[in-house]
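K.L.:
Need coordinates for the below:
(2 chains)
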Amino acid sequence: MHPIVRTILQRLGLGLVTLFVVSLILFSSIEFLPGDFGEAVLGQAALPETVAAFRKELGLDLPVHERYLDWLGGMLTGDMGNSFSGRGAGGGQDRSRAVIDLLAPRLANTLFLASMAAIISVPLALFLGITAALYRGSIYDRLVNACTLTTISFPEFFVAYILILIFSSFNQIFPSLANISPDATFWERVYLSALPAMTLTLVIVAHMMRMTRAAIISLMASPYIEMAELKGASKSEIILKHALPNAWAPIVTVIAFNLAYLVVGVVVVEVVFVYPGVGQLMVDAVRTRDVPVVQGCAMIFAATYILLNLFADVIAIITNPRLLHPR
Amino acid sequence: MSDQNRGKKGDILLEMKDIVIDGYSDDRWHEIVKGVDVTLRRGEVMGLIGESGAGKSTLGLAAMGFARPGCRLTSGTIMFDGQDLMKTPEAKKRALRGSRIAYVAQSAAASFNPAHTLIDQTVESVIRHRIKSADEARKDARQLYADLQLPNPDHIGDRYPHQVSGGQLQRVMTAMAMSPRPDLIIFDEPTTALDVTTQVEVLASMRRIVEQFNTAAIYITHDLAVVAQMADVIKVLRYGVTIEDADTRSMLANPAKEYTRSLWSVRSIEKDEERSDDIILKVDGIDASYSGSEKVLDNVTIDVPRGHTVAIVGESGSGKSTAARAITGLLPPSKGQILYNGKPLPPALKDRSVDQLQNIQMIYQMADTAMNPRQTVRDIIGRPLEFYLKLRGRERDKRLMELIEMIELDESFIDRVPAEMSGGQKQRVCIARALAANPEVIICDEVTSALDQIVQKGILELLLRLQREFGLTYIFITHDIATVKAISDQIVVMLQGQVVEQGMKSEILSPPYPDYTHLLLSSVPEMDPDWLTGLLAKRKTEQAAG
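P.N.:
Residues are numbered from 1 along each chain as shown, chains lettered A, B, ... in the order given. Take a look at the predicted model:
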C-alpha cells in the first residue's frame, strides 16, 4: 500500500476516535449540567410525582451508560432521537419531532450559506495574498493589508449592519432579511443570502489572505528561490511556480479552520439576518434545555471540524513531496 | 546557441572593472567589495579564494549582474560579451541568466526546489529561454547526467531532490547549469558541503564537463587544494580587495604575498602523538538505531585514553555523529554499554546524575544553531556555571571572565548576542560553554567544518592549548584529514556504522591501509595542480588491474 493511502486511513481512523471522544465528553458534560428538563418544562410548582413520570416518559430515569449507548447507537444509524420540546405540552399527546427532521433543513441552509461564502472568499483570499506577496511593500500590498485588517477588526454584527445600511437601506439592492423558506428556488436563495455571505467573506478573508502572503514571503529567502532568480525566472514565475507549491500546508490549514468557522460559528450573523441555520437552532435548543437537539447540533459541529482538519492534513501531505515520494 | 557565434577560445568574455559593492548592516551601507577588477577569457577557469567575508560570493554573483537582498552594485562596469550589466535593465539580465551565465550554488540540497523533479528543474531555464524544445531539452539533460556519471541517467531526473544524495544533487546542479550551454558558469563553493570521497568524484566530473564544452568558469572556494585542481588562474581576495592575481602553477610554486602564503600554511599544524593506556571512556560493543529502523551503529567499540584526542573519521552517514549521541546519552544504545572510568554509565540522558553529565560536554558543528540567538554570551556561558558549579553573582562573573580570556576573547563580548559575532568567535563561545562545566571529556562534532581555514587554524590551536593546560580528553569527529593530523593521538575510521580501523595516528596514516582508509586518505585534495589528474589515472589503472 502506498504510504500516503496508509497515512490518510490512519488520519481517518484518528478522526473517528476523536469523534467518539467528543461524543463522550458531550454526553457527560450535559449530564453534569445543573437543572432538570422535567422541572424546567413543568415549572417548579409541579408535583414531584408528575416530574418523575415525565422523566420516565423521556427515558431520563435510566442509568447514564444505558442512555449513552442508546443515544450513540441511534447516532450511528442516523437516528438522533426525538426533540424534548412539544412533549408534555398537554393532553398526553406526543407532538415532538425527530431531531433529524429539525436539523436537516437547517443544516442544508447552513451549508448553503457556508459554501456561498467559501466560493467567494477562498479564491479572493488566495488572489489577494499572492498578489500582495508579489508586490510586497507596495501601496497595493499596504492597501490590501489595511482593508482586510479593518474588516476583521470589527465585530461581525457591526459589519453586517453596515452592509445592511449600504445595500438595503441606502440602495435597495439586497434584502436585509434572509429568512429563506424551504421551497425557495436556488437563485432566490442566492439572492436572499447575498448579504450574510458578504458579511462572512469580509470576516474571514483577512485571516486566509494574510497566511497566504506570509507563507509565500517566508519562503522567499530560501536558496532555491535565489536559484530560480539566477535561472532567469520572473517575479511572478518565482512565486507561482517555486514558492506557492511549497506553501500549501499552512495556507490550507488556515482555510480549513475558516471553513469550519463558516459552519459552526456564524450564529451572530444568522441572528442579524434572521437566517434559519443550525446556529440559531442550537441556541434555541440550549435555551429550552432540549438536550437531544443540542447533542445533535454539537455532534455535527464536531464532525465538521474533524472532517475539515482531516482534509487540510491530507492536502498538506500530498503537497509535500517528501511524503508523497518517499526515498 | 550554436558554436559559431560563441567566439574563439582566448577572447575576453567578462571584464569587470573597479567593482564596488555595498552591503547594508547596522543601519548603514558598508563597502563589501572595494574596487576589484576581473578579466576572464572564454574557456578559462578562474579560482576565487579567500576567507569568509572576503566578498567572494558577492563578487561572483555580480558577474551575473545580481546582488543579494541587502547588497547593491554601487559602481564599476561589468562588461559581459559587449554589454555592461551595470546598465542593463532587469528584463534583459533575466534573459542572460540561465541561458548564457549559469550558477552552481553551495548547498545543492537547499538550492533545489523540493516540490519539482530534478529534470524539470534541470530543463527549466532552457525551456524558459526557448533554447530548445521541451523534448530535446529533456533528452539533452539525460545525456548530461550520463556525462556527469550519475547513476541511472535515464531515470534519475524523475526523482525529487530529497531522494538522491548530496553528491548526486551537486552533479545534477552542474547539469542544470550546463544545460543551456552557457558561456560562463559561476561555481560558488560547490563541494564545501561534501565529504572528501564524494568531493573527488564531483570535482572530476565538473572539470571534465567544463573542458568538454569549453565553458568559462569562476570557481569560488576557501579550499586552496581544491582550487588548484580546477583553476587556470587564481585570484586571492581579502576584505573585498584583490591581494594577488596569478596563474595557478606560479602562484602555488611561489606566492608573492604574505597573506597568500598564510593561506598555504594552515594545513601545517601537526600534533605529536602520545600513547596512553589510561582509558577514561570505553564504548563497549554498542548498537544503536533511530526509531527501530536499520542499525546506524553496529557493534562499535572505541577506547578513549585520558588527556588525549581520539579522532573519529568517516564520510557522512558513517555513524560518527550517532556514536557521539550514544556517548552523551541522547540516543541510548540498544546493545552494549559505555564505561566511564571503568563504571558503566546509564544509557539514557535522563538517568544520568549531574556529575556524570558534567564530565562529558559537547561542542557542535553549527555554532549558530547551538546557541540561543536571543541570549548574550553572559547567559550562554553563565548557565553551566550556575547549573553544574552552583556559582552565583560575583563568583560567577569572575569565572566567566576567566573563561572569556581562556578562549582569547575580551570582556567587550560579554553582552553580545550570537548575531554580533563572527563564525570563529561563536565557536569559541561554544568552547567556553563546554569548558564552563569543568568537564573531563569534550566531544567535538565537526567543530571546524563550517569555518574557513584560517579560522579553523585558530580554533584547533586553542583546543590544543586547552588540552595541554587542563589535561582535557577530546573525542573529535571530523571528515577532514588535515584536521585529524592536526589534533589527534588516535584515530578511529568508521564506515556504515562499523569501526573499520582503530589505532595510533602514525599507524593509521601510514601504509598498508585497508581499502576504505586508502580511499579516504587518497581523496584528500593536495596542493599539487596535477593531483586530481594523477589520482584519477591511478584509480583507473587500479580498477583495470583489480
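K.L.:
ok, the nearest residue to B:Tyr160 once chain neighbours are set aside - contacts?
P.N.:
The shortest distance from B:Tyr160 to any non-neighbouring residue, by Cβ to Cβ, 6 or more residues apart in numbering or on different chains, is to A:Pro321 (4.6 Å). C-beta: built from backbone N, CA, C; applies to glycine. A:Pro321 makes contact with B:Pro114, B:Ala115, B:Tyr160, B:His162, according to Cβ atoms under 8 Å, 6 or more residues apart in numbering or on different chains.
K.L.:
and the strand or helix carrying A:Ile217, what does it pack onto?
P.N.:
Element membership of A:Ile217 [criterion: DSSP states H and E] is helix A:194-219. Helix A:194-219 sits against helix A:99-134, helix A:139-153, helix A:156-164, helix A:244-264, helix A:267-273, with contacts defined as 3 or more Cβ pairs under 8 Å, 6 or more residues apart in numbering or on different chains; DSSP states H and E.
K.L.:
nearest to B:Arg352, of those?
P.N.:
Nearest of the helices and strands packed on helix A:194-219 to B:Arg352, taken as Cβ to Cβ: helix A:244-264 at 37.9 Å.
K.L.:
Say whether chain B is contacted by that closest one.
P.N.:
Yes. Helix A:244-264 is in contact with chain B by Cβ under 8 Å from any Cβ of the partner chain, via A:Pro245, A:Asn246.
K.L.:
quick one: low-confidence ranges for the stretch 51-200 of chain A?
P.N.:
For the stretch 51-200 of chain A, applying pLDDT under 70 flags the ranges A:86-96.
K.L.:
so who does the one residue sitting closest to the centre of chain A touch?
P.N.:
With distances taken as Cα atoms, centre = their mean, the residue of chain A nearest its centroid is A:Val263 (2.5 Å). Contact analysis of A:Val263 by Cβ under 8 Å, 6+ apart lists A:Thr110, A:Leu111, A:Ala114, A:Val278, A:Phe301, A:Thr304.
K.L.:
returning to what we had before: ok, which of the helices and strands packed on helix A:194-219 comes nearest B:Ala67?
P.N.:
helix A:99-134 (20.3 Å).
K.L.:
Any buried residues in the closest one, and which?
P.N.:
A:99-100, A:102-103, A:106-110, A:112-114, A:116-118, A:120-122, A:125-126, A:128-134 (16 or more other Cβ atoms under 10 Å in any protein chain shown).
K.L.:
Then stretch B:33-45?
P.N.:
Applying 16+ other Cβ under 10 Å to stretch B:33-45 flags B:Val33, B:Lys34, B:Val36, B:Val38, B:Thr39, B:Leu40, B:Arg41, B:Arg42, B:Gly43, B:Glu44, B:Val45 as buried.
K.L.:
Dig out what the last one forms beta bridges with.
P.N.:
Spelled out, it's B:Val45. B:Ala217 (DSSP bridges).
K.L.:
Please apply the same query to the second one.
P.N.:
The residues paired with B:Lys34 through beta bridges, assigned by DSSP bridges, are B:Val20.
K.L.:
you'd agree it is up against B:Thr242?
P.N.:
No. Counting by Cβ atoms under 8 Å, B:Lys34 sits too far from B:Thr242 to count as a contact (9.5 Å).
K.L.:
who touches the nearest residue to B:Leu59 once chain neighbours are set aside in this structure?
P.N.:
Leaving aside its sequence neighbours, B:Leu59 sits nearest to B:Val33 (Cβ to Cβ, 6+ apart; 5.4 Å). Residues in contact with B:Val33, defined by Cβ under 8 Å, 6+ apart, are B:Ile19, B:Val20, B:Ile21, B:Gly55, B:Thr58, B:Leu59, B:Ala62, B:Gly240.
K.L.:
Tell me how many other residues surround the nearest residue in space to B:Met86 that is not next to it in sequence.
P.N.:
Excluding its sequence neighbours, the residue lying closest to B:Met86 (Cβ to Cβ, 6+ apart) is B:Ile78, at 5.4 Å. Neighbour count of B:Ile78, defined by other Cβ atoms under 10 Å in any protein chain shown: 21.
K.L.:
Could you do the one 10 residues further on as well?
P.N.:
The burial metric for B:Thr88, expressed as a neighbour count using other Cβ under 10 Å, is 16.
K.L.:
Could you work out the end-to-end span of stretch A:84-101 for me?
P.N.:
End-to-end span of stretch A:84-101 (Cα to Cα, to the nearest Å): 13 Å.
K.L.:
Please apply the same query to stretch B:406-416.
P.N.:
For stretch B:406-416, the separation between the terminal residues is 17 Å (Cα to Cα).
K.L.:
Please apply the same query to stretch B:343-353.
P.N.:
Terminal residues of stretch B:343-353 are spaced 13 Å apart (Cα to Cα).
K.L.:
what do you get for stretch B:463-478?
P.N.:
Stretch B:463-478 has an end-to-end distance of 14 Å (Cα to Cα).
K.L.:
Leaving out sequence neighbours, find the closest residue to the one residue in the stretch 301-450 of chain B that gets nearest to chain A.
P.N.:
At 12.9 Å from chain A, B:Gly317 is the closest residue in the stretch 301-450 of chain B, using Cβ to the nearest Cβ. Leaving aside its chain neighbours, B:Gly317 sits nearest to B:Gln496 (7.7 Å; criterion: Cβ to Cβ, 6+ apart).
K.L.:
what residue lies at the spatial centre of chain B?
P.N.:
B:Thr192 (3.7 Å).
K.L.:
Tell me the confidence at it?
P.N.:
On pLDDT, B:Thr192 comes in at 75.
K.L.:
Provide the secondary structure category for B:Ile338.
P.N.:
strand (DSSP: H, G, I helix; E, B strand; the rest coil).
K.L.:
residues contacting the residue lying closest to it once chain neighbours are set aside?
P.N.:
Closest residue to B:Ile338 apart from its sequence neighbours, by Cβ to Cβ, 6+ apart: B:Leu345 at 4.8 Å. By Cβ under 8 Å, 6+ apart, the residues touching B:Leu345 are B:Gly329, B:Gln337, B:Ile338, B:Leu339, B:Arg352, B:Gln356.
K.L.:
10 Å - rerun?
P.N.:
Listed by Cβ atoms under 10 Å, 6 or more residues apart in numbering or on different chains, the contact partners of B:Leu345 are B:281, B:327-329, B:337-339, B:351-353, B:356-357, B:359-360.
K.L.:
And B:Gln496, by the same measure?
P.N.:
By Cβ under 10 Å, 6+ apart, the contact list for B:Gln496 reads B:Lys295, B:Val296, B:Asp298, B:Gly314, B:Glu315, B:Gly317, B:Ser318, B:Gly319, B:Tyr516.
K.L.:
Buried among the residues you listed? Make that a PyMOL selection.
P.N.:
Applied in PyMOL, the following selects the buried portion of the contacts of B:Gln496 according to 16+ other Cβ under 10 Å:
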select buried, chain B and resi 295+296+298+314+315+317+318+319+516
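K.L.:
Show me the contacts of B:Gln496 that map onto helices.
P.N.:
Under the assignment DSSP state H, the contacts of B:Gln496 contribute B:Tyr516 to helices.
K.L.:
quick one: least confident of the contacts of B:Gln496?
P.N.:
B:Gly317 (75).
K.L.:
surely that residue meets B:Ser165?
P.N.:
Yes. In this structure B:Gly317 lies within contact range of B:Ser165 using Cβ atoms under 10 Å: 8.6 Å.
K.L.:
Around chain B, pick out the residues from the stretch 101-250 of chain A.
P.N.:
A:219-235, A:237, A:241-248 (Cβ under 10 Å from any Cβ of the partner chain).
K.L.:
for the stretch 1-150 of chain B, what spans make up the helices?
P.N.:
B:56-62, B:90-96, B:108-111, B:118-128, B:134-147 (DSSP state H, counting those that start in this stretch).
K.L.:
mind exporting the first one as CSV, just the C-alpha atoms?
P.N.:
Presented in CSV, the C-alpha positions along helix B:56-62 are these (Å, rounded to 0.1, in the frame of the first residue of the first chain):
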residue,chain,number,x,y,z
LYS,B,56,34.0,36.1,-3.0
SER,B,57,30.3,35.1,-3.4
THR,B,58,29.2,38.7,-3.7
LEU,B,59,31.7,39.3,-6.5
GLY,B,60,30.8,36.0,-8.2
LEU,B,61,27.1,37.0,-8.2
ALA,B,62,28.0,40.5,-9.5
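K.L.:
Fine by me, thanks again.
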